[in-house]
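# Whatever this is, show me its structure:
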Amino acid sequence: MTDLSQFDPNSVGNPNNNIFSLPFPEEDAKLVILPVPWEVTVSYIAGTARAPEHVLNASLQVDLFDPDYRDAWKQGYYLRPCDKKVLMKSDYLRKEAELYINYIAQGEIVAENKFMCKTLKEINEGSNFLNTWVYEQTKELLHEGKLVGLLGGDHSTPFGFYKAIGEKHGDFGILHIDAHCDLRKGYEGFKYSHASIMYNALEEIPQLKKLVQVGVRDFCDEEFDYMVSSGERIITYFDKNIKERQYEGENWKTIADEIINHLPQNVHISFDIDGLDPKLCPHTGTPVQGGFETEQVFYLFKKIKQSGRRLIGFDLVEVGVSHSEYDENVGARCLFKLCNMLMTANS
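Got it, this is the predicted structure:
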């Protein structure tokens, strides 16, 4: 085990150490974070593929004292290095996707253009590759007895992780923080689009019994109809409705308790950072006005443990990158809170 006797948690962050300046190697860390540098299907602002390395840099500024989960980090967190082959594949296919998206935005017919047909096929094959890669990486870590978190990349990245979680833990639910429903079917022709992650998970992962979405404020008719037709499998708390309830006198505790009551025993958190007010994440892929403060979301997360439910994993996605590194600093602090929660819930 890692000797912490010479490690000073009150000192300046050491760039020679790992995430949050912690000195743990992977074999000693109880919690391993898998970075997924991928953003092929993003619809608007690119940059999230490089979020893991930026969040790593920003994490050196995060103080390790967390009054809700004191000393959880002492059991070890480790962020794996980014796989450069995955990043290079993302960069190549992203350029192809930009050409394709611009083409269809002009109202052109894909079937009439052989190059665009080939491009679409390559992108969908690339998404299949990524899903398999993430599944194999997370399955191996879970088999080793590690707690696992995923750091994206865009929101398409955790699909393989959900598959591995279902095989490991059986039935589970997802608490989904997001400005969007992500329930589109094959958005823009991309089967595994960032805008389709929850649709694909519900359709292909039978162990996913419940999806509870919170903070949604941007969605389409197709998604709303799918949501309604799901019965009780999808529960959505729209940002507008949450705020109106609060304006009329309800407090966040009451609403948070109600949200948590919809979840099954095993819970995975999928945290798209655009669920926050965009003043906190202005360079995320698809920012939308409205949303939460970080403490509102952290309070909701804390209610999971208080309810007796079990947190089995998390993904943090769509963190933008900027010259000021503001997004990355917010992302690093959200990541630290998620790590502390997952560790404490499984100690």
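# the helices in the stretch 51-200 of the chain, which residues?
According to DSSP state H, counting those that start in this stretch, the stretch 51-200 of the chain carries its helices in the segments 51-59, 84-105, 114-143, 159-169, 197-204.
# Return the most buried member of the ones you listed.
helix 51-59 (a mean of 23; mean count of other CB atoms under 10 Å). In this view, the C-beta of every residue, glycine as well, is placed from N, C-alpha and C.
# what comes into contact with it?
Contacts to helix 51-59, defined as CB atoms under 8 Å, 6 or more residues apart in numbering, come from residues 13, 15, 18-21, 35-37, 79, 82, 151-153, 319-321, 325, 328-329, 331-332, 335-336.
# Which ones among those lie within strands?
If you go by DSSP state E, those have 35-36, 79, 151-152 in strands.
# Just the local confidence number for Ile174, please.
Predicted confidence (pLDDT) for Ile174: 98.
# List just the nearest of the ones in strands among the contacts of helix 51-59 to Tyr299.
Leu151 (22.3 Å; CB to CB).
# any idea how far the closest one lies from Asp225?
Here Leu151 is placed at a distance of 32 Å from Asp225 (CB to CB, to the nearest Å).
# The two - which one has more neighbours?
Set Leu151 next to Asp225 and count neighbours by other CB atoms under 10 Å: Leu151 wins out with 27 against 11.
# is that one in a bridge, and if so with what?
Pro35, Leu316 (DSSP bridges).
# Do I have it right that it meets Glu318?
No: with contact defined as CB atoms under 8 Å, Leu151 does not count as touching Glu318 (10.7 Å).
# So for the residue sitting furthest away from the middle of the chain, what's the pLDDT?
Computed with CA atoms, centre = their mean, the residue of the chain farthest from its C-alpha average is Glu112, at 36.2 Å. We have a pLDDT of 90 for Glu112.
# Pipe the helices of the stretch 51-200 of the chain into CSV and attach distance to Gly290 per row.
Shown next, in CSV, are the helices of the stretch 51-200 of the chain (distance: least, CB to CB, whole Å):
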stretch, distance to Gly290
helix 51-59, 22
helix 84-105, 25
helix 114-143, 29
helix 159-169, 26
helix 197-204, 19
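# so which of these gets nearest Lys74?
helix 51-59 (16.4 Å).
# wait, Leu120 sits on Gly189?
Yes: under the criterion of CB under 8 Å, Leu120 makes contact with Gly189 at 5.3 Å.
# overlap in contacts of these two?
100, 110.
# returning to that earlier point: please produce a ChimeraX select command covering the buried subset of the contacts of helix 51-59.
Only the buried entries of these go into this ChimeraX selection, using 16 or more other CB atoms under 10 Å:
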select :13,18,19,20,21,35,36,37,79,82,151,152,153,319,320,321,325,328,329,331,332,335,336
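# any low-confidence regions in the stretch 1-150 of the chain?
For the stretch 1-150 of the chain, no stretch has pLDDT under 70.
# Now stretch 175-185 - C-alpha only, CSV.
Extracted in CSV, the C-alpha atoms of stretch 175-185 (Å, rounded to 0.1, in the frame of the first residue of the first chain):
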residue,chain,number,x,y,z
LEU,A,175,-29.6,9.5,-11.9
HIS,A,176,-29.1,11.7,-14.9
ILE,A,177,-28.1,15.4,-14.5
ASP,A,178,-28.4,17.2,-17.8
ALA,A,179,-29.8,20.1,-19.7
HIS,A,180,-30.9,17.6,-22.3
CYS,A,181,-32.9,14.3,-22.4
ASP,A,182,-30.4,12.5,-24.7
LEU,A,183,-33.3,10.3,-25.9
ARG,A,184,-33.0,11.0,-29.6
LYS,A,185,-32.9,8.0,-31.9
